[in-house]
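Q: How does the following fold in three dimensions:
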Amino acid sequence: MEEQNNKNLILAMVLSAVVMIVWFIFFPPPETPVDQSTTATTAEVAGPAVTPADTTAGTVTGTTTGAVTAETQSVADAPRVQIDTPELSGSISLVGARIDDLSLKTYRETLDPGSPEVRLLSPVGQEHPYYALMGWAPGAGTAATDLPDASTLWAAESAGPLAPGKPVVLTWTNAKGLTFRREIAVDEKFLFTVTDTVKNAGTAAASVYPYGVIARHSLPPMQSIFVVHEGMVRSADGTLEETRYKDIVKLDEVAAEKAAAELVDAQAAGWIGFTDHYWMTVLVPDQGKPFKEVTKHVAGADIYQTEIRQPVQTVAPGAEISNTIQLFAGAKEWSTIRAYDNDGVIPGFIDSIDWGWFFFLTKPIFAVLHWLHGFIGNMGLSIIALTFILKFLVLPLAYKSYVSMARMKELQPEMEALKERVGEDKQKLQREMMQLYKDKKVNPAAGCLPILIQIPIFFSLYKVIFVTIELRHAPFFGWLKDLSAPDPSSLFNFFGLLPWDAPVQGTLLHLIFIGVLPILLGITMWLQQKLNPAPADPVQQQIFAWMPWVFMFMLGGFASGLVVYWITNNTITFVQQYLIMWSHGKRPDIFGNIRSAKLAKAEAKAAPTPANSAAAPTKKTGKK
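A: Numbering: from 1, shown residues only. Coordinates of the predicted model:
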């Protein structure tokens with residue numbers, strides 16, 4: 001039995017070390033912020049162009065860089081068409097017909113109802129410019145000056161605002177008889193549909209191809225945490241790829257692009273864009289047609305870009321062509337993204353949410369949590385209900401584990417007798433023990449299964465709580481206003497009873513003066529530990545005595561929703577283990593175990609140390 005206790009101790013220590021390592025991975029020191037004073041005031045957007053192009057094959061075979069200069073002042077002073085939908089507010093700049101001003105009406109920066117709306121897109125000249133451009137690039141034989149670009153001033157056929165069911169139409173005509181018409185529509189959520197039409201009233205054919213660009217100037221504010229992906233995200237014919245900003249810069253230099261870039265061909269389906277913790281901007285071309293997806297970093301201006309480039313088309317005199325690109329710009333809501341995916345609007349879009357390594361657990365766990373929240377109406381109670389469901393699903397396996405542990409305790413007298421009988425022969429002891437386990441049908445390793453089962457579930461639920469926007473600013477009860485954030489209460493002000501503020505999150509004092517939930521977590525872990533007597537070995541006693549309180553401080557900085565799950569899980573496990581042990585005639589003596597642990601601690605303090613024993617005087621028993 002002692003040998004098995006040592007093995008369990010080693011397992012517990014290894015798992016504790018794993019949790020600590022993962023903690024520092026998930027919560028690394030903050031990165032040095034980017035000095036925004038060096039951000040360029042003039043944006044050089046490397047727009048796509050081709051020469052030459054194989055128009056017969058309908059694919060782009062060569063690329064050069066079409067550079068367009070958009071001055072800050074012209075963008076700031078440009079006339080605008082307002083955007084007003086149930087979810088979005090902002091405007092479209094008529095300079096370049098760019099969507100560069102967008103806020104999310106239903107999301108605030110902080111819990112304060114009066115805080116600003118979350119700003120997703122910003123024009124050049126403001127902090128962190130971030131915008132989308134669509135248009136036509138020149139093919140073989142067509143001059144770039146004949147096409148509208150990022151600095152072209154478009155004319156609006158109506159004053160707007162752009163709203164669901166009320167599209168906006170923009171036009172521009174060049175000197176050679178080419179008329180460009182752009183219709184921008186938006187749905188009830190976050191999807192823009194941009195339909196570009198080119199009508200040739202001139203005497204010469206024009207060769208053009210449609211493109212879309214999402215440009216982001218310099219690094220945006222980021223979480224910089226391993227658990228959530230921030231950067232480029234794309235799908236090409238069902239293959240998902242994610243690239244962080246730091247890796248975009250490291251892409252191979254593409255001479256034709258004059259930038260670090262990567263070009264990927266898609267034959268029928270895909271999308272590409274940038275994703276943040278809770279927000280995302282993605283370009284979606286016409287599905288069922290070939291196109292290129294481009295990821296690029298323009299080092300000179302420090303601009304990150306994602307692009308869609310579609311096949312070259314020829315507009316004969318008197319003819320007309322059109323193309324549609326959609327733009328998703330909004331919150332990463334599971335139900336909204338799933339609806340776009342299920343309806344075939346954006347194939348594979350559900351994978352734009354970063355489900356992590358345990359996606360096979362994370363996806364169904366969140367689906368159940370979302371359903372529970374719709375039924376219960378409180379996310380904290382939904383997490384508790386989800387914990388009961390998860391414990392019920394693993395109950396058969398957990399039951400076998402707890403029964404095995406109970407039987408191990410029943411075998412303890414026989415184990416002690418076996419040790420006395422074989423003496424110091426460890427090999428014989430091992431053989432006899434294995435035979436005893438076999439005769440009594442006991443699996444000594446089964447007691448570790450409840451711990452092992454919890455690891456993937458714990459990290460899957462952590463992923464769900466931290467990544468999905470549905471947990472952002474989700475309240476529970478009382479002081480718990482945001483289940484995606486740590487417990488804001490603190491011992492520092494005695495949980496709000498004293499007239500001073502708690503330490504700021506992220507500080508050392510905040511880690512020391514923990515809140516109510518972490519303390520409850522420590523208590524439930526301690527009570528669960530007291531189901532069994534303390535180990536005889538003093539070193540093991542000390543380790544097990546400190547473990548609940550170490551975990552209490554370690555998990556104190558985790559999202560409060562996760563701590564709610566862990567407290568509920570510990571409570572259910574305690575009840576399960578208590579009842580199973582009782583049913584096998586080994587009713588746990590919790591108070592007795594607590595008293596014996598205190599007595600063992602007192603005896604350890606009173607016992608003389610080896611040094612003191614060596615220094616004690618001894619009687620002389622022999623002659624000189």
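Q: Provide a list of residue ranges in the stretch 1-150 of the chain with pLDDT below threshold.
A: Counting by pLDDT under 70, the stretch 1-150 of the chain shows low-confidence ranges at 1-76.
Q: Based on its surroundings, how many neighbours for residue 159?
A: Look at residue 159: counted by other Cβ atoms under 10 Å, it has 9 neighbours. From N, CA and C alone the C-beta is placed, and that goes for glycine too.
Q: Could you find the closest non-adjacent residue to it?
A: Closest residue to residue 159 apart from its sequence neighbours, by Cβ to Cβ, 6 or more residues apart in numbering: residue 81 at 7.3 Å.
Q: secondary structure element for the one you found?
A: Per DSSP states H and E, residue 81 falls inside strand 80-84.
Q: Could you list the buried residues of whichever helix or strand comes after that strand?
A: Using DSSP H and E, the helix or strand that follows strand 80-84 in sequence is strand 88-93. Residues of strand 88-93 classed as buried by neighbour count (16 or more other Cβ atoms under 10 Å): 88, 90, 91, 92, 93.
Q: okay, those in JSON lines with distance to residue 322 next?
A: Shown next, in JSON lines, are the buried residues of strand 88-93 (distance: Cβ to Cβ, whole Å):
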{"residue": "88", "distance to residue 322": "25"}
{"residue": "90", "distance to residue 322": "26"}
{"residue": "91", "distance to residue 322": "25"}
{"residue": "92", "distance to residue 322": "19"}
{"residue": "93", "distance to residue 322": "23"}
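Q: Residue 354 touches residue 229, doesn't it?
A: Yes. Counting by Cβ atoms under 8 Å, residue 354 does reach residue 229; the two are 4.4 Å apart.
Q: Show me the common contact partners of these two, please.
A: Common neighbours of residue 354 and residue 229 (criterion: Cβ atoms under 8 Å, 6 or more residues apart in numbering): 242, 275.
Q: For the stretch 351-500 of the chain, give me the ranges with low pLDDT.
A: In the stretch 351-500 of the chain (pLDDT under 70), the answer is 405-406, 409, 444-451, 492-500.
Q: can you pull out the strands in it?
A: For the stretch 351-500 of the chain, no strands are identified by DSSP state E, counting those that start in this stretch.
Q: Now do the contacts for residue 562.
A: Taking Cβ under 8 Å, 6+ apart as the test, what residue 562 contacts is 461, 462, 465, 466, 555.
Q: can you tell me which of those lies nearest to residue 324?
A: For the contacts of residue 562, the minimum distance to residue 324 (Cβ to Cβ) is 35.6 Å, reached by residue 466.
Q: What spatial separation is found between that closest one and residue 436?
A: Residue 466 sits 46 Å away from residue 436, going by Cβ to Cβ, to the nearest Å.
Q: Those two: which is more packed in?
A: Ranked by neighbour count (other Cβ under 10 Å), residue 466 and residue 436 place residue 466 first, with 22 against 14.
Q: which residues does that one contact?
A: Residue 466 makes contact with 227, 228, 484, 559, 562, according to Cβ under 8 Å, 6+ apart.
Q: Now the two most distant members of these.
A: 228 and 562 (14.4 Å).
Q: burial of residue 350, as a residue count?
A: Neighbour count of residue 350, defined by other Cβ under 10 Å: 16.
Q: now swap in residue 153 and tell me
A: The number of residues near residue 153, taken as other Cβ under 10 Å, comes to 14.
Q: same question, the one 5 residues further on
A: The burial metric for residue 158, expressed as a neighbour count using other Cβ under 10 Å, is 12.
Q: do the same with residue 415
A: 19.
Q: And the residue nearest to residue 159, how close does it get to residue 182?
A: In this view, residue 81 and residue 182 are 11 Å apart by Cβ to Cβ.
Q: How about residue 88?
A: Distance from residue 88 to residue 182, by Cβ to Cβ: 19 Å.
Q: List the buried residues of stretch 215-225.
A: For stretch 215-225, by 16+ other Cβ under 10 Å, it's 215, 216, 217, 218, 219, 220, 222.
Q: Quick one: those residues as TSV, columns for secondary structure too.
A: What follows is the buried residues of stretch 215-225, written out as TSV (DSSP: H, G, I helix; E, B strand; the rest coil):
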residue	secondary structure
215	strand
216	strand
217	strand
218	coil
219	coil
220	coil
222	coil
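Q: List the contacts of residue 230.
A: By Cβ under 8 Å, 6+ apart, the contact set of residue 230 is 220, 222, 223, 224, 244, 245, 275, 276, 277.
Q: will you turn the residues you listed into JSON lines that also has secondary structure?
A: Shown next, in JSON lines, are the contacts of residue 230 (three-state DSSP):
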{"residue": "220", "secondary structure": "coil"}
{"residue": "222", "secondary structure": "coil"}
{"residue": "223", "secondary structure": "coil"}
{"residue": "224", "secondary structure": "coil"}
{"residue": "244", "secondary structure": "strand"}
{"residue": "245", "secondary structure": "helix"}
{"residue": "275", "secondary structure": "strand"}
{"residue": "276", "secondary structure": "coil"}
{"residue": "277", "secondary structure": "coil"}
